[in-house]
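Trainee: Sequence and predicted structure are below.
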Amino acid sequence: MAVIDQGHRPSAPQPPAGDGPFLSLRGVSKSFGAVQALSEVDLDLPAGQVTALMGDNGAGKSTLVKVISGIFGPDQGKMRWGGSEVQLRSPKEATRLGIATVYQDLALCDNLDIVQNMFLGREAVRRRLLDEGSMESQARTTLADLSVTTVRSIRQPVASLSGGQRQAVAVARAVMGKAKLVMLDEPTAALGVSQTAMVLDLISRLASSGIAVLVISHNLNDVLKVADRVAILYLGRMAAAGPISEFDTQKIVQFITSGTAADRVHPRPGAAGGGTQGAQEL
Amino acid sequence: MTTSPPQLAPQDTGRVTGTGAAHTSLKSFLGDWAKRARSGESGVLPVVAGLVLIVIVFQVQSPVFLSAGNLTNLLVQGAVFVLLGMAEVFVLLLGEIDLSIGYLAGIGAVVTGALLAYPYQAPWWVAIAAGLVVTSALGALQGTLITRLGLPSFVVTLSGLLGFEGLMILMIDNSGSASGGTIRITDNVVNDLVNGNLSPLAGWLALAAVLVVYGAVNLLASRRRRASGLVAVPPSVAIAKVAVTAAAGVVLVWICNTNRGALVPLRGVPWVVPIVLGVFVAWTALLGRTRFGRYIYAIGGNAEAARRAGVNLTRVRTLAFTLSGLTSGAAGVIYASRLGSISVNIDGGTLVLYAVAAAVIGGTSLFGGRGKVLHAVLGGLVIAAIYNGMGLLGMGAAVQYMVTALVLLAAVTVDAVARRNRRAA
């Protein structure tokens, strides 16, 4: 593994005080039979910032993402979206609110081209026929907004794209529906060095366009490079959460592996901003 | 999941301007084509080349092969293979298979024939519509079993292959108008679908109309796309495409308009040619220009992705099997029209293999997601050429079956190898 690059990009401006985080969860619990997958989880996802969700296998990361994307209803707890309380009963409702999820398998059709993939399920039609022209120009605009300018033709099948480009198409597909929160599941897991850099770059640009971004990652390197905030789950509990400046590599590893970082932690109450209670373990 | 090694990455990190720059030059278009060809997206040139090769071989062996009479006969024979191939394309695109369409065609023919005959004596359009409705309904039934119960299409349509043959025999036996297991088609309109011809003048006029529309649509669309900065083929390629189509159309009409009668003059384009062309255009538009068509490709490519995108898989799949039934019903009507009768001897098992062969030889993938209606037309012509040529050479059914089997195997091998290249790419 290469030397860890501690110098992450300059933090995006903090959201104005009082504006509050875009999505906030309070006391969210979810159990499957006897298994308590999430217990009393608090999480804030401010607009314009990248939040890294970390934790060991089975810590509850996927369950949390599925709760936010409306696939699982939480057993208890509250969810506030842009200041008002919401209840997500289905993935459709989450999509309607502007919550988009890019899964690890990307869910692209290899045989379709970039435009067709970006519009799959919401094709533009005119007189019952597909309106290829408007779809192509919209797709082009979205990709240009994300500075994805490396593909040879947006009419090439995604099968011919590199891993990083496929990830970019999946992200573009997610944000095209006017997404306000984008969650990415292990976006760099299958990528080489330079493609990882490209995807991380893309994530930063997403956030600086005012979108709240949640990245699930095991890769500390990547997290330190792009994240503004870190949230660490341990056995279904939120072990720690706060701005990345409060964490270093060793501390993150300790939280991930043991749920606490007793010896080196100096709590800074309130430092997490936005009225978060997530840093209760600090 | 494809991962490229980092050393290949400059193209990924370098910021090349012009997202999806249109194919502006012929050179870049040809370069793209060569790239696609290696991953099995070469389009129709290989099968056209194969067709030319087959024609040369048979012409050398039997000078009659390229005579106007035989070529027209070949078109007429090919119509059934082409229509059945189109029926199969719908399900092959989903990554499924329909083994029942041979006998579905038989049922369509029997329903039509029985309604035309005593005691019903229905008008021709009622009889044909009824035949198509019945085969569509049977296709929908199979589609429902496959989607709602999650049964494999292979098994469901294999039962269809057996069950529909039984149903067809039962209907012929009980039709009241059958003698010796055969229903004769007495209606002139239905018989003329294949055996009637357009007048030579009408043939030329129809061709002119088709070419004007095709050329205008193609060239104008390509120019408009280029003008609004969308990806478009280079003008030279667009013009070449229209020119080749026009040349093929002229040759076709010219051959059909040559006198092929032995005693009395017989000339003109058989009605079945515009009928097949109409079905081809309709299904091409459906697959290429509508949401339904897009979803068929999406499901064949990645059903889970389509589901997550909100596509109703059950509905699309069931509809595809229904359209497959509808198209095979049309094939059955054409089959009966050519023979002037429909009998229990129709070999639906061989017909379905020819149908799958036609689609796959034309370039449609057995693994789903890749294929076009045009493939069924070209593949159907290849099958018809082999069938017709070997008949001319006096080869028996035994050799014909084996040669067709080899051609099918070759086509599937090409498909599988191309698929592996795509994965490795």
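Mentor: Done, it's in. Numbering: from 1, shown residues only, chains lettered A, B, ... in the order given.
Trainee: which phi and psi does the residue of chain A positioned farthest from its centre have?
Mentor: With distances taken from the mean C-alpha point of chain A and given as CA atoms, centre = their mean, the most distant residue is A:Arg127, at 37.1 Å. With angles defined as degrees, to the nearest 10, A:Arg127 sits at phi 50, psi 50.
Trainee: Report pLDDT for it.
Mentor: We have a pLDDT of 90 for A:Arg127.
Trainee: and stretch B:87-105, average pLDDT?
Mentor: Mean predicted lDDT for stretch B:87-105 stands at 96.
Trainee: and the residue of the stretch 51-200 of chain B nearest chain A?
Mentor: B:Leu93 (9.4 Å; CB to the nearest CB). Quick note: C-beta positions are derived from backbone N, CA and C, even for glycine.
Trainee: how about that residue, what does it touch?
Mentor: B:Leu93 makes contact with B:Leu287, B:Ile296, B:Tyr297, B:Gly300, B:Ala320, B:Thr364, B:Gly368, B:Gly369, B:Arg370, B:Gly371, according to CB atoms under 8 Å, 6 or more residues apart in numbering or on different chains.
Trainee: Which ones among those residues also lie next to chain A?
Mentor: Restricting these to those within reach of chain A (CB under 8 Å from any CB of the partner chain) leaves B:Tyr297, B:Gly300, B:Gly369, B:Arg370.
Trainee: mind checking the SS state of the second one?
Mentor: What that stands for is B:Gly300. Secondary structure, DSSP: H, G, I helix; E, B strand; the rest coil: B:Gly300 is helix.
Trainee: What is the burial count for it?
Mentor: Applying the criterion other CB atoms under 10 Å in any protein chain shown, we find 25 residues in the vicinity of B:Gly300.
Trainee: What separation do you get for it and B:Leu205?
Mentor: In this structure, B:Gly300 lies at 39 Å from B:Leu205, with CB to CB, to the nearest Å as the measure.
Trainee: How about the third one?
Mentor: As for B:Gly369, its distance to B:Leu205 is 40 Å (criterion: CB to CB).
Trainee: Compare these two (neighbour count), which wins?
Mentor: Regarding B:Gly369 and B:Leu205, a neighbour count based on other CB under 10 Å identifies B:Gly369 as having more, with 24 against 13.
Trainee: Assumed the more buried one was part of a helix.
Mentor: No. Counting by three-state DSSP, B:Gly369 is not part of a helix but coil.
Trainee: Just give the nearest non-adjacent residue to it, would you?
Mentor: The shortest distance from B:Gly369 to any non-neighbouring residue, by CB to CB, 6 or more residues apart in numbering or on different chains, is to B:Gly300 (3.4 Å).
Trainee: Give me the phi and psi angles of A:Phe32.
Mentor: The main-chain torsion angles of A:Phe32 are listed as degrees, to the nearest 10 and equal phi -110, psi 100.
Trainee: What is the neighbour count of B:Thr318?
Mentor: A count of neighbours around B:Thr318, defined by other CB under 10 Å, yields 21.
Trainee: Please give me every residue in contact with the nearest residue to it once chain neighbours are set aside.
Mentor: Closest residue to B:Thr318 in three dimensions, ignoring its sequence neighbours and counting by CB to CB, 6+ apart: B:Gly143, at 3.8 Å. Under the criterion of CB under 8 Å, 6+ apart, the contact partners of B:Gly143 comprise B:Arg317, B:Thr318, B:Leu319, B:Ala320, B:Phe321, B:Thr322.
Trainee: between the contacts of B:Leu93, which is nearest B:Gly196?
Mentor: Sorting the contacts of B:Leu93 by how near they are to B:Gly196, with CB to CB, puts B:Leu287 at the top with 29.7 Å.
Trainee: residues touching the closest one, list them.
Mentor: Under the criterion of CB under 8 Å, 6+ apart, the contact list for B:Leu287 reads B:Phe90, B:Leu93, B:Gly293, B:Ile296, B:Tyr297, B:Lys372, B:Val373.
Trainee: ok, now A:Val215?
Mentor: A:Val50, A:Thr51, A:Ala52, A:Leu53, A:Met183, A:Leu184, A:Pro187, A:Ile203, A:Asp222, A:Val223, A:Val226, A:Ala227.
Trainee: So what pairs up with it in the strands?
Mentor: On DSSP bridges, the residues paired with A:Val215 through beta bridges are A:Ala52, A:Leu184.
Trainee: quick one, strands of chain A?
Mentor: Using DSSP state E, the strands found in chain A span residues A:23-32, A:35-45, A:50-55, A:76-81, A:84-86, A:99-102, A:125-126, A:129-130, A:181-185, A:212-216, A:229-234, A:237-243.
Trainee: The last one vs strand A:229-234, what angle?
Mentor: This points to strand A:237-243. 170 degrees (axes from the mean of the first three to the mean of the last three CA atoms, to 10 degrees).
Trainee: And strand A:237-243, what does it pack against?
Mentor: In terms of contacts (3 or more CB pairs under 8 Å, 6 or more residues apart in numbering or on different chains; DSSP states H and E), strand A:237-243 is packed against strand A:35-45, strand A:229-234, helix A:249-258.
Trainee: right, so of the ones you listed, which gets closest to chain B?
Mentor: Judged by CB to the nearest CB, the one of the helices and strands packed on strand A:237-243 that comes nearest to chain B is strand A:35-45, at 21.7 Å.
Trainee: if we can go back for a sec, dump the contacts of B:Leu93 to JSON lines, plus pLDDT.
Mentor: Rendered in JSON lines, the data for the contacts of B:Leu93 read as follows (pLDDT from 0 to 100):
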{"residue": "B:Leu287", "pLDDT": "96"}
{"residue": "B:Ile296", "pLDDT": "97"}
{"residue": "B:Tyr297", "pLDDT": "97"}
{"residue": "B:Gly300", "pLDDT": "96"}
{"residue": "B:Ala320", "pLDDT": "97"}
{"residue": "B:Thr364", "pLDDT": "92"}
{"residue": "B:Gly368", "pLDDT": "91"}
{"residue": "B:Gly369", "pLDDT": "92"}
{"residue": "B:Arg370", "pLDDT": "91"}
{"residue": "B:Gly371", "pLDDT": "93"}
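Trainee: Nothing else from me, thank you.
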